[in-house]
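**Q** what follows is a predicted structure for the sequence shown.
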Amino acid sequence: MLNLIIVGYGKMGKLIEQKALEGGHKVSALVDPFATDELSLSGAEVYKSIADISPATLSNEDGSTVAIEFTRPDTAVANITTLAEIKVPTVVGTTGWYEQLPEVERVVEAAGSALLYASNFSIGVNLFYRVAAYTASLVRLFDGYDVGGLEIHHNKKADSPSGTAKTLVDWVGVATHGKKQTAVWDKLDRPPTPDELHFASLRVGSVPGIHSVIFDSASDTIELRHSARNREGFATGALFAAEWLVTNRSGVFTIDDALAGVLPNFD
């Protein structure tokens, strides 16, 4: 059983709380500076900041305490470093902060704490990465195919392109063995060069997340798509990662580390 600290009590935080309780876990504290005085589903107190949580609540003597952080790019790094310094293992689903990853890694390792981050915790998305990469590895063997992509998210999403799109492009780019070395995220006022992979973003309505990879030739098109119906897959995957992290309590990890014992190696 996990002893959870949920940082960010918006839609994702509330869904993680619900799924945690359904899974038999305990939610000890919720953190959100903008949360109202409404009662939480779990009955846990909602704090304005991590610093307000009592040491007793943060105690990790039995090794079951873990934080799950889903906030915003401009607050994630401060949350991660604060949790690292008090040695609370942390699963982070916030994206848009990865340019500060080297600094975060130094803090986590110096504190002897643990961090697991991912651009997307959905198990389906992580399978999709591998399907897209395998397809790219096949397509690259034949002349005439080009590759590009599109991601669509709700109009409240704070970053563009999505972290999922960036990870997807990394998987596909590696699988092309150098044919696609450069991702282009902005609009193009010129034809892309042969080594560029153009990936577009659209923000509209309430879309939870759609990611498509397109392999196109003069004669046909192969299109792979992952569509999230709701946020439940993200919450379930984050809890899966938290369960794994409490048994691997020192270092910096990604969702691939947690999945390594379940999925075959991609070759």
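**A** Nice, thanks for sending it over. Residues are numbered from 1 along each chain as shown.

**Q** quick one, helices of the stretch 51-200 of the chain?
**A** 55-58, 73-85, 101-111, 123-139, 163-175 (DSSP state H, counting those that start in this stretch).

**Q** point to the helix or strand of the chain where mean pLDDT is at its lowest.
**A** Here the helix or strand of the chain ranked lowest by mean pLDDT, DSSP states H and E is helix 55-58, holding a mean of 86.

**Q** ok, G251 - contacts?
**A** Shown in contact with G251 (Cβ atoms under 8 Å, 6 or more residues apart in numbering): 108-109, 114-115. Every C-beta, even on glycine, is put in place using the N, C-alpha and C of the backbone.

**Q** which residue is the nearest non-sequential neighbour of G96?
**A** P73 (3.2 Å; Cβ to Cβ, 6 or more residues apart in numbering).

**Q** what number of residues lie near the one you found?
**A** A total of 16 residues lie near P73 under the criterion other Cβ atoms under 10 Å.

**Q** partner residues bridging the nearest residue to S227 once chain neighbours are set aside?
**A** Distances taken as Cβ to Cβ, 6+ apart place I210 nearest to S227, at 4.9 Å, with adjacent residues excluded. Beta-bridge pairing of I210 under DSSP bridges involves I152, S227.

**Q** for K180, see how far away I210 is.
**A** 21 Å (Cβ to Cβ, to the nearest Å).

**Q** please identify which of those two sits among more neighbours.
**A** K180 (23 against 14).

**Q** that one: what's it in contact with?
**A** Counted by Cβ under 8 Å, 6+ apart, K180 has contacts 147, 172-173, 195-197.

**Q** is it true that R140 touches G173?
**A** No: using Cβ atoms under 8 Å, R140 is not in contact with G173; the gap is 10.7 Å.

**Q** quick check, the residue nearest to G96 in contact with E99.
**A** No: using Cβ under 8 Å, P73 is not in contact with E99, being 9.7 Å away.

**Q** tell me how far the residue located most distally from the centre of the chain lies from D186.
**A** Here the centre of the chain is the reference, and by Cα atoms, centre = their mean the most remote residue is S219, at 35.9 Å. S219 is 30 Å from D186, where distance means Cβ to Cβ.
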